[in-house]
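Visitor: Got a sequence here, can you model it:
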Amino acid sequence: MRHLIDPLDFSREETDRLLGLAEEIIARPADYAHLCDGRILATLFYEPSTRTRLSFESAMMRLGGKVLGFASADNSSAAKGESVADTIRMISGYADIAAMRHFKEGAPFVASRYSQIPVINAGDGGHQHPTQTLTDMLTIRRSRGEISGVTIGLCGDLKFGRTVHSLVKSLVRYENVRFVLISPEELRVPGYILKEVIEPSGHPYEEVRDMEDVMGSLDILYMTRVQRERFFNEEDYVRLKDSYILTPEKLALGKKDMAVLHPLPRVNEIAQEVDSDPRAMYFTQARNGVFVRMALILSLLGLAENILEKGE
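Guide: Now for the predicted structure:
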């Protein structure tokens, strides 16, 4: 039995095959419409979510399966003090696979240690978000033709942004990827990402403050929101929340084939006028998440045996 807790739980080869399966599903959805007939996905969301939870539910339903679960900790026995370990033991008797989002880092990993069904990390605190990473990589692959060789600008909240941390960890496994880290000093990428992930990989990177200075060099611009829920101090949030706002004028400085990604939700870091630009890929990116999660569910349930090699 396999779980997906960290983006690196899958090898690069497994990741590429999973993305390939997602593209096959996009091309021929009817061929996959009943592969999960009789299967149940449990969505255990201790933290609010729209896109991730609904895309998991859509993915399972499109495969012919059913969904049960809860959308906040207040609506679960966690409000009574039940542990994650006990919850997953109970859910293992109700469902065939589980997707868990939790506000505490490491909670999905704890669940996987006690679970009798595959567990998918749907985001844990400011730590990891591996299914968003797979979604991001599929979008890059479909917009550029390949992942290797891209220059990607990661902009905004690089300190608390779990999508950024997960994406960097996956991208360093591809050749000739260059990172441009765009953030205010207070929201710089954590030191461990630089020292333990980027620098050992040998990939070039630079940290900058001004988006406009580097826009013309980017193949991918990955925007993020400044996350109010990660701040301990409201004054710090208010001071930093408008650090970067992508406008049509700034976008005009970019390449004609640059792709703009965003894990969503958007607050005001991308002006709505940008939405009509063909380089704005974030709503396509959100839709890609359904197909990635369909491929992942099939793979973890053993319905796509050629995708994931057997783990130790």
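Visitor: Just give me the residue right at the centre of this structure.
Guide: residue 132 (1.4 Å; Cα atoms, centre = their mean).
Visitor: Enumerate every residue touching that residue.
Guide: 52, 123, 163, 166-167, 263, 289 (Cβ atoms under 8 Å, 6 or more residues apart in numbering). (Glycine included, C-beta is placed from N, CA and C.)
Visitor: Quickly find the element holding it.
Guide: Residue 132 is located in helix 130-144, with elements delineated by DSSP states H and E.
Visitor: picking up where we left off before, how close does the residue nearest to the centre of the chain sit to residue 37?
Guide: Separation of residue 132 from residue 37 (Cβ to Cβ, to the nearest Å) stands at 28 Å.
Visitor: Residue 189 too?
Guide: Per Cβ to Cβ, residue 189 is found 44 Å from residue 37.
Visitor: mind checking the SS state of residue 69?
Guide: Secondary structure, DSSP: H, G, I helix; E, B strand; the rest coil: residue 69 is strand.
Visitor: how close does the residue lying closest to it once chain neighbours are set aside get to residue 58?
Guide: Leaving aside its sequence neighbours, residue 69 sits nearest to residue 43 (Cβ to Cβ, 6 or more residues apart in numbering; 3.5 Å). From residue 43 across to residue 58, the span is 11 Å (Cβ to Cβ).
Visitor: ok, those two, which is more surrounded?
Guide: Using other Cβ atoms under 10 Å, the more surrounded residue of residue 43 and residue 58 is residue 43, with 23 against 17.
Visitor: Confirm that one sits in a strand?
Guide: Yes: counting by three-state DSSP, residue 43 is found in a strand.
Visitor: contacting residues around it?
Guide: Contacts for residue 43 (Cβ under 8 Å, 6+ apart) come out as 53, 56-57, 67-71, 98-99, 122.
Visitor: Kindly recompute the last result at 6 Å.
Guide: Applying Cβ atoms under 6 Å, 6 or more residues apart in numbering to residue 43 gives the contacts 53, 56, 69, 99.
Visitor: picking up where we left off before, how far away from the center of its chain is the helix holding residue 132?
Guide: How far helix 130-144 lies from its chain's middle: 8 Å, per Cα atoms, centre = their mean, to the nearest Å.
Visitor: do the same with stretch 51-71
Guide: Here the centre of stretch 51-71 is set off from its chain's centre by 16 Å, with Cα atoms, centre = their mean.
Visitor: do the same with stretch 180-195
Guide: 18 Å.
Visitor: All further residue positions should be reported with the first residue as 41.
Guide: Sure, I'll start counting at 41 from here, so that last one is stretch 220-235.
Visitor: Go through that stretch and flag the buried ones.
Guide: 220-224, 227, 229-230, 233-234 (16 or more other Cβ atoms under 10 Å).
Visitor: from the residues you listed, which ones fall inside helices?
Guide: Under the assignment DSSP state H, the buried residues of stretch 220-235 contribute residue 233 to helices.
Visitor: closest to residue 188 among the buried residues of stretch 220-235?
Guide: The closest of these to residue 188 turns out to be residue 220 (Cβ to Cβ; 16.8 Å).
Visitor: hey, what's that closest one bridged with?
Guide: Under DSSP bridges, the beta-bridge partners of residue 220 are residue 193, residue 246.
Visitor: where do the helices sit along the protein?
Guide: Here the chain has its helices, by DSSP H, at 52-67, 91-102, 124-131, 147-154, 170-184, 202-211, 231-233, 239-241, 251-254, 274-280, 288-291, 322-340.
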